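Trainee: how does the following fold in three dimensions:
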Amino acid sequence: MNSKLDDSGRTRKGSDGAYLTRESWRVFTIMAEFVEGFEQLSAIPPSVSVFGSARLKEGHPWYELTRDISEQLSNAGFAVVTGGGPGLMEAANRGAFYGKSPSVGLNIKLPKEQIPNAYQDLSLSYRHFFARKVMFVKFASAYVVLPGGFGTLDELLEILTLVQTGKSRKIPIILVNREFWSGLLEWLRTQLVGNKTLSEKDLELLSLADDSKQVLEIIFDHYRGRSFEPSAEDQKVMLEL
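Mentor: Numbers count the residues shown, from 1 in each chain. Got it, this is the predicted structure:
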């Protein structure tokens, strides 16, 4: 039963349960998004989640860089997973599309409709940001983060928080373009570490690269002597993601 405010501002009970019913049934749409994502993404090769601005178009140096990085990742055996939209997401899917491994888009339905880019071997669609964010993390062997805006920062801080708190296994988190990220890293060091809201060790979760060769070196160095697949201990951790 809904609660509403009367003219005096006090809460009163209403008889219309339509809102509560809609909220209850919404649980099933959320479940469906998780089930489809788990089934589809568990079948792909080890993957790398790639993030970057939706606003930068073909011809921009960062677009071409993203395309190159993703093609090299794909040829090295990694599926490339993006948000499925335009800009650097398109560049990443495009590079992977012409590589040897799958190009995957986790598209989001927005009030201003996001149009999926044309370079997706596997295209999934989400209504809920939180379900989509779990998919980026759960099957990723690495995160590659190119220049971007709020959405890119959101995904970056999400994976950093999950790894720092032990809710996700430790994977390479690679910031591409040292110059772009230098201001953020300096702020983290001077303000967060300096004021003891973050430890210096937490910054070690981040790596820096400027080209595809460096990205691949960081990933393969991290996994030298171990499998790309999560260990039994990692799998136990990921069950609580």
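
Trainee: ok, residue 48 - contacts?
Mentor: 73, 78, 79, 80, 81, 140, 141, 142, 143, 144, 219 (C-beta atoms under 8 Å, 6 or more residues apart in numbering). To be clear about C-beta, it is placed using only N, CA and C from the backbone, and glycine gets the same treatment.

Trainee: what kind of secondary structure is the residue nearest to the second one when sequence neighbours are not counted in?
Mentor: Take residue 78 and drop its neighbours on the chain: the residue closest to it by C-beta to C-beta, 6 or more residues apart in numbering is residue 48, 4.7 Å away. Secondary structure for residue 48, judged by DSSP: H, G, I helix; E, B strand; the rest coil, is strand.

Trainee: send over the lengthiest helix in the chain as CSV, restricted to the C-alpha atoms.
Mentor: Longest helix in the chain by number of residues, with DSSP state H as the criterion: helix 18-41. Taking C-alpha atoms only, helix 18-41 is exported to CSV below (Å, rounded to 0.1, in the frame of the first residue of the first chain):
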residue,chain,number,x,y,z
ALA,A,18,0.1,0.0,-8.5
TYR,A,19,3.4,1.6,-7.8
LEU,A,20,4.4,-1.2,-5.4
THR,A,21,3.3,-3.8,-7.9
ARG,A,22,5.4,-2.3,-10.6
GLU,A,23,8.4,-2.2,-8.3
SER,A,24,7.9,-5.8,-7.3
TRP,A,25,7.7,-7.0,-10.9
ARG,A,26,10.8,-4.9,-11.8
VAL,A,27,12.8,-7.5,-9.8
PHE,A,28,12.2,-10.0,-12.6
THR,A,29,13.5,-7.7,-15.3
ILE,A,30,16.6,-7.1,-13.2
MET,A,31,17.0,-10.9,-12.8
ALA,A,32,16.6,-11.4,-16.6
GLU,A,33,19.4,-8.9,-17.3
PHE,A,34,21.7,-10.7,-14.9
VAL,A,35,20.8,-14.2,-16.3
GLU,A,36,21.3,-13.2,-19.9
GLY,A,37,24.6,-11.5,-19.2
PHE,A,38,26.0,-14.4,-17.2
GLU,A,39,25.0,-16.9,-19.9
GLN,A,40,26.3,-14.9,-22.8
LEU,A,41,29.5,-13.5,-21.3
